[in-house]
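Visitor: Here is the input, now give the coordinates:
(one chain, ligands or ions: 1)
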Amino acid sequence: MSSGSGGEPDAGRRGVLKLGIGALGLGLAAVPAVPAIGYLLFPTGSKAGEGAFLPAGKRSAFAGAVPVRVDLYADKVDAWNKTPDVKLGSCWVLERDGALQAFSTVCPHLGCAVDFDAEAQKFKCPCHRSAFGLDGSVEAGPSPRPLDSLEVKEENGLVAIRLVRYRQGVAQKEPV
Ligand code: FES
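Guide: A predicted model of the protein is given here:
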């Protein structure tokens with residue numbers, strides 16, 4: 001028996017209810033959309049290998065104190081593709097007191113590639129002439145810190161190295 005003034009409030013309540021259901025529907029639709037958008041913007045595995053232990057070769061390849069330059073590879077996987085054996089970086093590996101030591105080839109000053117001068121028995125950066133000892137310590141030039149050491153793992157005669165990039169131009173090792 002709702003009529004006249006009684007019908008108006010019912011219609012108003014129905015309108016509010018419809019709006020509420022509509023808003024709820026939009027909210028529910030947005031829930032699965034959020035991870036999907038994140039997946040599109042930041043495909044999984046786009047930085048595959050960074051921070052992981054990567055194969056560096058046989059332990060026997062690093063016998064002796066002469067540094068060996070090693071390129072590190074990993075499969076790069078994004079949302080749609082898998083690209084095998086992408087070079088992610090390089091390091092110098094040498095044996096010191098029976099243990100392996102690895103240094104990033106990236107100069108801590110401004111990021112040029114550090115070479116090894118066998119005659120001088122030093123690592124040298126050609127860009128601004130920083131020089132580093134076999135232990136990575138700064139011996140000359142503007143580098144604000146020693147060469148960046150990297151973690152080494154040995155297992156079943158094989159060597160793996162954890163590739164990490166560090167901020168350039170600062171005194172402390174800060175992963176980036
Ligand atoms: S980048 Fe190596 S000394 Fe400047």
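Visitor: from here on, contacts and neighbour counts on C-alpha atoms
Guide: Will do.
Visitor: dump the residue contacts of residue 111.
Guide: When the contact criterion is C-alpha atoms under 8 Å, 6 or more residues apart in numbering, the partners of residue 111 are residue 168.
Visitor: mind checking which helix or strand of this protein has the lowest mean pLDDT?
Guide: When the helices and strands of the chain are scored by mean pLDDT, DSSP states H and E, helix 7-41 comes last with a mean of 45.
Visitor: partner strands of the next helix or strand after that one, parallel or antiparallel?
Guide: Proceeding N to C from helix 7-41, the next assigned helix or strand is strand 53-58, under DSSP states H and E. Paired strands of strand 53-58, with direction, are strand 158-162 (antiparallel) (DSSP bridges).
Visitor: Give the buried residues for the strand it pairs with.
Guide: By neighbour count on 16 or more other C-alpha atoms under 10 Å, the buried set for strand 158-162 is 159-162.
Visitor: tell me the mean pLDDT over stretch 98-110?
Guide: For stretch 98-110, mean pLDDT is 97.
Visitor: where's it relative to the chain centroid, distance-wise?
Guide: 17 Å (C-alpha atoms, centre = their mean, to the nearest Å).
Visitor: Contacts for it next, please.
Guide: For stretch 98-110, contacts defined as C-alpha under 8 Å, 6+ apart pick out 62, 90-95, 112-115, 125, 136, 142-152, 161, 166-170.
Visitor: Residue 174 contacts residue 167, correct?
Guide: Yes: the pair residue 174 / residue 167 is scored as a contact, 5.5 Å apart, by C-alpha atoms under 8 Å.
Visitor: So which of these two has more stuff around it?
Guide: When residue 174 and residue 167 are compared for neighbours, residue 167 comes out ahead with 15 against 12, by other C-alpha atoms under 10 Å.
Visitor: Just want to check the distance between that one and the ligand.
Guide: For residue 167, the distance to the ligand (C-alpha to the nearest ligand atom, to the nearest Å) stands at 12 Å.
Visitor: near the ligand, which residues of this protein show up?
Guide: 107, 109-112, 125, 127-130, 142-143 (C-alpha under 6 Å from any ligand atom).
Visitor: please redo it, this time with the cut-off set to 8 Å
Guide: 106-114, 124-131, 141-143 (C-alpha under 8 Å from any ligand atom).
Visitor: Then residue 60 would be within a strand, right?
Guide: No: going by DSSP: H, G, I helix; E, B strand; the rest coil, the assignment for residue 60 is helix, not a strand.
Visitor: In space, what's closest to it - neighbours in sequence excluded?
Guide: The shortest distance from residue 60 to any non-neighbouring residue, by C-alpha to C-alpha, 6 or more residues apart in numbering, is to residue 157 (7.5 Å).
Visitor: how many neighbours does that neighbour have?
Guide: Count around residue 157 with other C-alpha under 10 Å applied: 9.
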